[in-house]
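> pasting the sequence and the predicted model now:
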Amino acid sequence: MIRQRRRSVFTALAGALALVLAACGSGGSDTGTQEQFSAEDVQAALDAGGTIKVWAWEPTLKQVVADFQQKYPKVKVELVNAGTGDKQYTALQNAIAAGSGVPDVAQIEYYALPQFALAKSMTDLKSFEADKFEGTFSTGPWTSVHAGEGIFGLPMDSGPMALFYNKEVFDKHGIAVPTTWDEYATAARALHTADPKVYITSDTGDAGFTTSMIWQAGGKPYKVDGTNVKIDFSDEGSQRFTTMWQQLISEKLVSPVNGWSDQWYQGLGDGSIATLVIGAWMPANLQSGVAAGAGKWRVAPMPQWEAGGKATAENGGSGLSIPTAGANKALAYAFTKYATAEEGATTRTKGGAFPATTAELSSQEFLNAEFPYFGGQKANEVLAQSAKDVVGGWSYLPFQVYANSIFNDTVGKAYVSDTKLSDGLKAWQEASAKYGKDQGFAVN
Amino acid sequence: MTAPTGTRTTGTRPARLRTVRPRVAPLRPAGRTSKPRRSVLLTVLTGIVVLYSLVPLLWLVINATKTQPSLLSSFGLWFDGDFALWDNIQRTLTYNDGIFVRWLSNTLFYVVLGAGGATLLSAVGGYGLAKFNFPGKRGVFAVVIGAVAVPGTALAVPTFLMFSQMGLTNTPWAVVIPSLISPFGLYLMWTFAAEAIPDELLEAARLDGAGEFRIFFRVCLPLLAPGLVTVLLFTSVATWNNYFLPLIMLKDPDWYPLTVGLNAWNAQAITAGGDVVFNLVITGSLLTIVPLIAAFLLLQRYWQSGLAAGGVKG
Amino acid sequence: MAPPQPATVVPDVDESATLGADKPEARKTRKTEQPRRRRSWVGWRFVAPFLVVFALVFLAPIVYSIYLSFFQNRLVGGNSFVGLDNYGEVLTDPQFWSSVGRVSLFLVVQVPVMLFLALLVALAVDSGRLYGRNFFRLAVFLPYAVPAVVATLMWGFMYGTRFGLVGNINEAFGITLPDPLSPEWVLTAIGNIVTWEFIGYNMLIFYSALQVIPRSLYESAEIDGASQLRIITSIKLPALRGALMIATIFSIIGSFQLFNEPAILQKIAPNAITTDFTPNLYAYTLSFSGQQYNNSATVAIVMGVITMIVAYLVQLRGMRKDG
């Protein structure tokens, strides 16, 4: 009896260890050749039905899922919000490492996609002949879902940048809405002088914003060729941005309020944060989070580096991808296609999302929509134009998720100490390069 | 504080106080024999600490009465014009098809199974440590404390990978099973059992021919009651407040406990197209702590006597 | 931590004369006249359920982490055995040591302040000189019921210099308090949250220990003309040693594992709380943002060893005083 008991303890221990070892073995990603799927295969999967799990946080997908299930009654879609942004990637990476619990479809932001593509964690959709969607999506997002030769997702939304501004504040102080970055800096001084409580914008260091600004300025700090990576923040475009933005920081013209905090929402509502240079998905957030700003805000094109220019950049935006470990890829693709390129795109645009498809972007209904929040302005005209003017040739690092996570450790110093923005970027460059080398990339 | 009652105290006198106590120490009387003078100064000084403890809670209560706009625009420590508490509570309970209620029942489920199980395991284990001499005993607690010293967050990924292999992730068991271990509970029950259960009682029961487990459940468990309530309360708080583990283990909001759910609501503000619901986060926070505070109040005479009589003493 | 010795292991022979139903020491004494408990495996049956679950949720992940710490898995190049390389890397990693330095500073400042305050309140409540004693005891304990997540969200709102309580105070008094979320002050701000959360908990531990001191001791001391201060230093404090030890050990572990508070505050103070702010946060970033499971596991193991050593040294010191 006693011995038996004792043995049961050891059996349990041994069992636990066996599991541990089993877990160790399954870490690698499989690199087998990819299956090919034809349109018929996808249709067959829809007819056969089944259940797929979708990890996404985008709120408008709820309606898309409902419509999809109605159209294909045999298919059940489980929509799970597994966290926003990097939280979800963490979960996804853990599930992939564990080899179980991987969803069939996952929402992934453009900046994070190269990482998953490189590790072959996501299916190359060329195996579904996704290349035929060339032209369906606007250039920015369509380029963003490419990595190397492959297509690793279909664009769901996009974030071409624009200048959102509080017209009331500008009118009150008789200041013109800036069209160039020089005017922007001048307006920043004028506003803050007129009312010390007013700042042109708020910024405490945001990797997405900084990289997008450098993107617009024509900088190409990241050069990626397979596993050869070059990181260089000393190029002209990057310098352009840091020089201008450093002035604003040094003169304390940007509000030290963190984006997306309660104080930030408050500032957007009470006029103390006068502008936002941000992606086209912002209107939905303004409407739900800044009720006090209704009627006061307007949308203008992004300020330019050269007067009369029309360069813009993407800020945020995400696509739907199909993990290689997913069980029902044909069905997963059917849903992905529906949600991004077919009826789902219309549904989501109606729900307030900013589309990535050229059809939606150029539809009269979309362009002519008047936003009461923006005082009746046809804001989509500005935003859709921005989508066309995105500067080409930008790429993110194949380990951008990690790089962004340490942005505030390095560049953040420029916002709370005497460190210069350019030095902060240099530190970021070094830390990113070190990580890249640790991960086996050839850096610089 | 209710002093341990006479019957319970019998046989539970802590042994290790003897360094400072005369050997002839009588039992502590249930009431004080002479009442010390009350001091206004001391009351005021201690009052400062109380103020420090209560002001944030007051802030929470006050701000739970505000609407989302007035939350940001009014003085934090006073009420604003609109008294929106009931409205907030109603919205909190019904928002997203009443998911908050679901989270609340999940949390209760985790507490009942996790904290209940942890208490039982601690009681059985603590009793074993206190009343038996067995090979390897000295190592047991050393191993337990040693393992606790390793940062849990860093073990999260290995734990996740293992649980995933066992098919436990994204199920309630991934939260419940780790909650079953309470090193502090084990320690409390160990010291408590050492003193609350007289060895003679065990000897007598053994002479009667009762099996060891029968003795434990029939004879000893009732004696351990105050300690059990104490451990139950501490493990309940730990399970109720558990955040990191469920955050990693659960992906389906239907299984979230309150803490993870509330943080998800807080994070909604940063989602494109997300609904900004800071007021619901605050009201939800208030609703989250109310049941715990109620449990503290209702059970205080039990758990405090449990702590005093057994657990942590000199 | 000193494992409490079962009563029978300590023979109290000198008490054998004072038998009585209300004298537990006497009972113990009688026990020693019988043969000592024999060593048998029966005890394992009681400890086993705890240990099985413990092995699953604590030991197995630790063993797995040790295993992981000998490997290096890269995005490019895959997994390879690297022996002790990861340990060499962590032990020479300035980021790691700066985070250890930070929690050590936290430990030597926050823990004494918190325990001292907790002790003061416990002594005040125990003295019986307070008006509304029960209210005081309960009020100070209440923050313990607040989940760390909620506490941090709450304090985070209040720390706001614009619309938070700090901002309100600045505005009301026309002063400029330092920004609690600036890099210089954020450790203090975190210390404040942790102190707030755990004063009551530690107070209760101390208070419970004080409660078991027989009142007659105080009375005889008073008759002997001892002052209140003297009673505290020579009766109460010595009686609290065990409780202090427990509270200290748990606080050491808590400080070294500091995670929840900085992790949640990081969202509102991203430039002040770096991803290597505490060892635990560093391990988290390595593993969750960077997929560097191997380095993360190594940090965890090294931190575990450091924590054990410090806890052991503290316990040793406490024991020596005991002697």
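Cool, got the structure. Numbers count the residues shown, from 1 in each chain, chains lettered A, B, ... in the order given.

> how close does B:Gly146 get to A:Ala97?
Using C-beta to C-beta, to the nearest Å, B:Gly146 is found at 27 Å from A:Ala97. The C-beta positions use only the backbone N, C-alpha and C, and glycine is treated the same way.

> between these two, who's got more neighbours?
With other C-beta atoms under 10 Å in any protein chain shown as the criterion, B:Gly146 and A:Ala97 differ in neighbour count, and A:Ala97 comes out ahead with 22 against 19.

> secondary structure element for the more buried one?
In the assignment (DSSP states H and E), A:Ala97 maps to helix A:86-98.

> tilt between the helix or strand just after that helix and helix A:86-98?
Taking DSSP H and E as the definition, the helix or strand that follows helix A:86-98 towards the C-terminus is strand A:105-109. Strand A:105-109 and helix A:86-98 meet at an angle of 130 degrees, taking axes from the mean of the first three to the mean of the last three C-alpha atoms, to 10 degrees as the criterion.

> tell me if strand A:105-109 is near chain C.
No. Against chain C, strand A:105-109 shows no contacts by C-beta under 8 Å from any C-beta of the partner chain, the least distance being 14.2 Å.

> distance between that strand and the chain's centre?
10 Å (C-alpha atoms, centre = their mean, to the nearest Å).

> just the buried residues of the helix or strand that that strand is followed by, please?
Going down the chain from strand A:105-109, the next helix or strand is helix A:113-118, by DSSP H and E. Of the residues in helix A:113-118, those buried under the neighbour-count criterion (16 or more other C-beta atoms under 10 Å in any protein chain shown) are A:Leu113, A:Pro114, A:Gln115, A:Phe116, A:Ala117, A:Leu118.

> so what secondary structure elements neighbour the helix holding A:Ala97?
strand A:50-55, strand A:105-109, helix A:113-118, helix A:400-405, helix B:152-165 (3 or more C-beta pairs under 8 Å, 6 or more residues apart in numbering or on different chains; DSSP states H and E).

> most tightly packed of the ones you listed?
Mean neighbour count (mean count of other C-beta atoms under 10 Å in any protein chain shown) peaks for strand A:105-109 among the helices and strands packed on helix A:86-98, with a mean of 28.

> that one to strand A:50-55, inter-axis angle?
When the same axes, to 10 degrees is applied, the directions of strand A:105-109 and strand A:50-55 differ by 20 degrees.

> measure the nearest residue to A:Thr340 once chain neighbours are set aside to C:Leu316 for me?
With C-beta to C-beta, 6 or more residues apart in numbering or on different chains as the criterion, A:Thr340 has its nearest non-adjacent residue at 4.1 Å, and that residue is A:Leu154. Taken as C-beta to C-beta, the spacing of A:Leu154 relative to C:Leu316 amounts to 63 Å.

> of these two, give the one with the bigger neighbour count.
A:Leu154 (28 against 10).

> kindly provide the distance from that one to chain C.
Relative to chain C, A:Leu154 is positioned 24 Å away (criterion: C-beta to the nearest C-beta, to the nearest Å).

> again, but for A:Thr357
The gap separating A:Thr357 from chain C is 32 Å, by C-beta to the nearest C-beta.

> the residue nearest to that residue when sequence neighbours are not counted: how many residues sit nearby?
Closest residue to A:Thr357 in three dimensions, ignoring its sequence neighbours and counting by C-beta to C-beta, 6+ apart: A:Ala345, at 4.8 Å. As a burial measure, A:Ala345 scores 25 neighbours (other C-beta under 10 Å).

> what strand or helix carries A:Ala345?
Under the assignment given by DSSP H and E, the secondary-structure element containing A:Ala345 is helix A:343-350.

> show me the strands in the stretch 251-400 of chain A, by range?
If you assign secondary structure with DSSP state E, counting those that start in this stretch, the strands in the stretch 251-400 of chain A sit at A:254-255, A:275-279, A:297-301, A:318-321.

> so stretch B:45-58, near chain C or not?
Yes. Taking C-beta under 8 Å from any C-beta as the criterion, stretch B:45-58 and chain C are in contact, through B:Leu45, B:Thr46, B:Gly47, B:Val49, B:Val50, B:Tyr52, B:Ser53, B:Leu54, B:Pro56, B:Leu57.

> now the buried members of the residues you listed.
The neighbour-count criterion (16+ other C-beta under 10 Å) marks B:Thr46, B:Gly47, B:Val49, B:Val50, B:Tyr52, B:Ser53, B:Leu54, B:Pro56, B:Leu57 among the residues of stretch B:45-58 next to chain C as buried.

> could you list which of these belong to strands?
Nothing among those maps onto strands, per DSSP state E.

> okay if I get those residues as a markdown table plus pLDDT?
Formatted as a markdown table, the entries for these read as follows, by pLDDT from 0 to 100:
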| residue | pLDDT |
| --- | --- |
| B:Thr46 | 88 |
| B:Gly47 | 90 |
| B:Val49 | 90 |
| B:Val50 | 91 |
| B:Tyr52 | 92 |
| B:Ser53 | 92 |
| B:Leu54 | 92 |
| B:Pro56 | 91 |
| B:Leu57 | 91 |
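
> for chain A, state which of those residues is nearest.
Nearest to chain A among these, counting by C-beta to the nearest C-beta, is B:Pro56 at 16.1 Å.

> close to chain C: what parts of the stretch 151-300 of chain A are there?
So far as C-beta under 8 Å from any C-beta goes, the stretch 151-300 of chain A lies against chain C at A:Thr204, A:Gly205, A:Thr227, A:Val257, A:Asn258, A:Ser261, A:Asp262, A:Gln263, A:Gln266, A:Gly267.

> for the residues you listed, work out which two are farthest apart.
For these, the farthest-apart pair by C-beta to C-beta is A:Thr227 and A:Gln266; their separation is 45.5 Å.

> ok, the nearest residue to A:Val198 once chain neighbours are set aside - contacts?
Counting by C-beta to C-beta, 6+ apart, the nearest residue to A:Val198 once its immediate chain neighbours are dropped is A:Leu191, at 4.9 Å. For A:Leu191, the contacting residues are A:Val169, A:Phe170, A:His173, A:Ile175, A:Val198, A:Tyr199, A:Ile200, A:Ala274, taking C-beta atoms under 8 Å, 6 or more residues apart in numbering or on different chains as the criterion.
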